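Student: Just the structure for this:
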Amino acid sequence: MNKISIDAIDRKILKFLIKNARMPFLEIARECGISGAAIHQRIKKLNDSGVILGSRLMVDPRSLGFDVCAFIGIRLRDPMQNAETVEQLRQVSEIVECHYVTGEYNLLIKLYCIDNQHLMTTIFDRILRIKGVSTTQTYISMNEVFQRQVYVDCLKD
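Tutor: Now for the predicted structure:
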């Protein structure tokens with residue numbers, strides 16, 4: 001993916017949208033000191049270039065009863081079959097993120113479960129039954145301290 005050059009106004013726009021994706025464009029325009037049309041053009045440019053990947057509604061998993069958040073390192077039996085294994089992991093609805101990683105494991109996944117029994121069932125009856133999975137190591141999150149989007153202040157014009 002090509003890196004795009006953004007200026008101070010683009011960074012300011014991104015900061016507002018990261019804080020509140022529903023912020024009206026005219027309000028962003030007022031805060032940036034430029035026209036509403038210019039904001040529309042800049043946001044379209046940021047969308048078209050892939051800087052903005054869309055906007056989404058964030059749901060607190062705990063509010064829906066998903067009290068256990070876990071991270072699982074997965075070692076694959078045969079890294080040549082990683083695409084098939086990842087596709088099978090994609091079918092496990094509790095998994096919300098999957099990353100290729102360096103180190104002892106090939107993949108790192110994040111999942112939410114209702115309780116520890118649900119987590120154990122998900123690991124033993126779903127994840128470990130996937131043909132490409134060799135071993136796993138589970139880390140249970142005690143508490144999410146913070147979550148944020150990429151920090152745009154450090155980008156250069």
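Student: now for the helix or strand bottoming out on mean pLDDT in the chain, which elements pack on it?
Tutor: Ranked by mean pLDDT, DSSP states H and E, the helix or strand of the chain with the weakest confidence is helix 8-19, at a mean of 90. If you count contacts as 3 or more Cβ pairs under 8 Å, 6 or more residues apart in numbering; DSSP states H and E, helix 8-19 packs onto helix 25-32, helix 36-48. Just so you know, the C-beta spots here come from the backbone N, C-alpha and C atoms, and that holds for glycine as well.
Student: Dump the ones you listed into a markdown table; add mean pLDDT and mean neighbour count as well.
Tutor: Output for these, formatted as a markdown table (pLDDT from 0 to 100; neighbours: other Cβ atoms under 10 Å):
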| stretch | mean pLDDT | mean neighbour count |
| --- | --- | --- |
| helix 25-32 | 94 | 16 |
| helix 36-48 | 94 | 15 |
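Student: Let's have the ones you listed in TSV, adding distance to L14.
Tutor: TSV is the format used below for the helices and strands packed on helix 8-19 (distance: least, Cβ to Cβ, whole Å):
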stretch	distance to L14
helix 25-32	10
helix 36-48	7
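Student: so which helix or strand takes in the spatially most central residue of the chain?
Tutor: The centroid of the chain falls nearest to E97 when counting by Cα atoms, centre = their mean (6.4 Å). Using DSSP states H and E, E97 maps to strand 95-100.
Student: Flag every buried residue along that strand.
Tutor: 95, 98 (16 or more other Cβ atoms under 10 Å).
Student: The helix or strand following it packs against which elements?
Tutor: Where DSSP H and E defines the elements, the next helix or strand beyond strand 95-100 is strand 107-113. Under the contact definition 3+ Cβ pairs under 8 Å, 6+ apart, strand 107-113 sits against strand 68-76, helix 82-90, strand 95-100.
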